[in-house]
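Enquirer: okay, here's the prediction I keep looking at, along with the sequence it came from:
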Amino acid sequence: MGIDVGGQSTKIGVVTAEGEIIAQTVISSLQTELIDYINELTKAIKGLIAQTAEAGKVKGIGIGAPNGNYYKGTVEYAPNLKWSYDAEGKPTVVDLAALVKSFTSLPVTVTNDANAAAMGEMAYGVARGMKNFIMITLGTGVGSGIVVNGEVVYGHDGFAGELGHTIAVRDGRQCNCGLKGCLETYCSAMGVRRTAQKLLMASPDVKSPLRDIDMESISAKDVYDAAEKGDEVALDVFRTTGQILGRSLADFVKFSAPEAIVLFGGLAKAKKYFHDDLVAAMEENQLQIWKGRIKVLYSSLKDSDAAILGASALAW
């Protein structure tokens with residue numbers, strides 16, 4: 001079983017050894033109490049196990065989660081998961097593997113959600129056969145999985161690869177992690193919303209369908225829908241997003257020399273509006289030895305399949 005824990009929802013799938021997802025379901029990740037989330041999660045797990053019993057026995061569970069620690073099985077200080085907050089309202093450490101194991105009696109392994117997506121892409125997607133690539137997940141936040149010589153990089157403490165919290169704009173936007181200017185604050189769904197709000201306020205006389213929406217309620221999807229209508233504000237949002245992401249990708253290339261960078265997640269579906277600006281910015285900031293050599297690819301796996309498949313691989 002592979003489980004993809006996102007900031008908005010958690011997707012759960014039963015996967016065969018050949019990589020076929022034979023059943024899946026989804027629950028909310030928006031609970032504010034840990035016990036409520038665990039109860040919903042384990043209920044869904046048991047439901048899928050019963051549903052697929054005739055096809056075979058579930059051997060184990062792999063979980064990809066924000067700030068998931070492969071070595072410890074914990075989720076540590078994840079700002080976008082409210083159920084992981086302590087009584088004082090601050091992100092804390094949750095022993096997710098132990099909790100799920102105690103409710104299901106199955107072996108459980110946890111990793112970072114983007115690492116899980118990278119494993120899925122390497123086994124079943126556009127990175128199949130690649131030994132060196134970087135996976136960037138563009139969702140509620142920005143995650144990353146770094147593969148070097150065919151192995152996911154975990155570092156000495158299990159947390160290597162937090163590229164979403166590298167500083168994209170010095171002294172920039174406040175991030176939920178406590179830092180300022182993180183890539184996540186510009187190139188996630190949340191970042192797109194904040195850029196749209198900034199551009200709308202900066203040009204009050206410019207017409208846009210986004211002005212028909214309450215400023216605080218604007219979503220990345222609203223911006224995408226406006227771009228589909230040719231709205232210049234929305235198109236400028238995606239141009240800005242692509243430029244910032246491209247500059248950061250050029251930095252990432254410098255430390256691991258990947259064959260490709262794979263983009264995955266909901267925001268990647270808007271690629272036609274930011275791809276050219278992304279590539280131009282990446283090439284402009286690239287050292288000569290890598291100019292024109294690093295491929296920018298987009299996940300070929302449907303929705304969260306990459307993360308489910310990659311997480312499930314942890315259980316074999």
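Expert: That came through, no problem.

Enquirer: got the phi and psi for the residue lying closest to residue 77 once chain neighbours are set aside?
Expert: Leaving aside its chain neighbours, residue 77 sits nearest to residue 91 (4.3 Å; criterion: C-beta to C-beta, 6 or more residues apart in numbering). Just so you know, the C-beta spots here come from the backbone N, C-alpha and C atoms, and that holds for glycine as well. Taking degrees, to the nearest 10, you get phi -60, psi 140 for the backbone angles of residue 91.

Enquirer: tell me how far residue 5 lies from residue 41.
Expert: With distances taken as C-beta to C-beta, to the nearest Å, residue 5 is found 9 Å from residue 41.

Enquirer: could you do residue 116 as well?
Expert: 16 Å.

Enquirer: between those two, which one's more packed in?
Expert: Taking neighbours as other C-beta atoms under 10 Å, residue 116 and residue 41 compare with residue 116 leading, 37 against 24.

Enquirer: just the element for that one, please.
Expert: In this assignment (DSSP states H and E), residue 116 forms part of helix 113-124.

Enquirer: please name every helix or strand in contact with that helix.
Expert: If you count contacts as 3 or more C-beta pairs under 8 Å, 6 or more residues apart in numbering; DSSP states H and E, helix 113-124 packs onto strand 2-5, strand 61-65, strand 133-138, strand 142-148, strand 151-152, strand 260-264, helix 305-313.

Enquirer: that helix: how far from the chain's middle?
Expert: The chain centroid and the centroid of helix 113-124 are separated by 11 Å under C-alpha atoms, centre = their mean, to the nearest Å.

Enquirer: and the residue nearest the centre of the protein?
Expert: The chain has residue 137 as the residue nearest its centroid, 3.6 Å off, counting by C-alpha atoms, centre = their mean.

Enquirer: hmm, that residue is touching residue 265, no?
Expert: Yes. Using C-beta atoms under 8 Å, residue 137 makes contact with residue 265 at a distance of 4.5 Å.

Enquirer: all strands for the protein, in order.
Expert: Under the criterion DSSP state E, the chain contains strands at 2-5, 9-15, 21-28, 61-65, 68-69, 74-76, 93-94, 108-112, 133-138, 142-148, 151-152, 260-264, 295-298.

Enquirer: report the buried residues of the top helix by length along the chain.
Expert: Using DSSP state H, we find that the single longest helix of the chain is helix 232-256. Residues of helix 232-256 classed as buried under the neighbour-count rule (16 or more other C-beta atoms under 10 Å) are 233-253.

Enquirer: ok, stretch 177-194 next?
Expert: Residues of stretch 177-194 classed as buried by neighbour count (16+ other C-beta under 10 Å): 177, 181-194.

Enquirer: so how far is that stretch from its chain's centroid?
Expert: Here the centre of stretch 177-194 is set off from its chain's centre by 13 Å, with C-alpha atoms, centre = their mean.

Enquirer: state the mean pLDDT of that stretch.
Expert: Average pLDDT, stretch 177-194: 96.

Enquirer: just stretch 151-161 next, same as before
Expert: Mean pLDDT, stretch 151-161: 93.

Enquirer: do stretch 100-109 as well
Expert: Stretch 100-109 shows a mean pLDDT of 96.

Enquirer: using PDB, list the CA coordinates for that stretch.
Expert: Output of stretch 100-109 as PDB, limited to C-alpha atoms (Å, rounded to 0.1, in the frame of the first residue of the first chain):
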ATOM      1  CA  VAL A 100      -0.200   3.500  11.700                       C
ATOM      2  CA  LYS A 101       1.500   0.300  12.600                       C
ATOM      3  CA  SER A 102      -0.300   0.200  16.000                       C
ATOM      4  CA  PHE A 103      -3.700   0.500  14.300                       C
ATOM      5  CA  THR A 104      -3.000  -1.900  11.400                       C
ATOM      6  CA  SER A 105      -0.300  -4.400  12.600                       C
ATOM      7  CA  LEU A 106       1.500  -3.900   9.300                       C
ATOM      8  CA  PRO A 107       5.100  -2.900   8.800                       C
ATOM      9  CA  VAL A 108       5.200   0.900   7.900                       C
ATOM     10  CA  THR A 109       8.000   2.900   6.300                       C
END
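
Enquirer: what's next to that stretch, contact-wise?
Expert: Contact with stretch 100-109 is made by 1, 38, 41-42, 45-46, 58-63, 70, 73, 96-98, 314-315, as judged by C-beta atoms under 8 Å, 6 or more residues apart in numbering.

Enquirer: again with stretch 188-198
Expert: With C-beta under 8 Å, 6+ apart as the criterion, stretch 188-198 contacts 138-142, 164, 173, 184-186, 210, 215, 218-220, 222-223, 233-234, 237-238, 240-241, 266-267.
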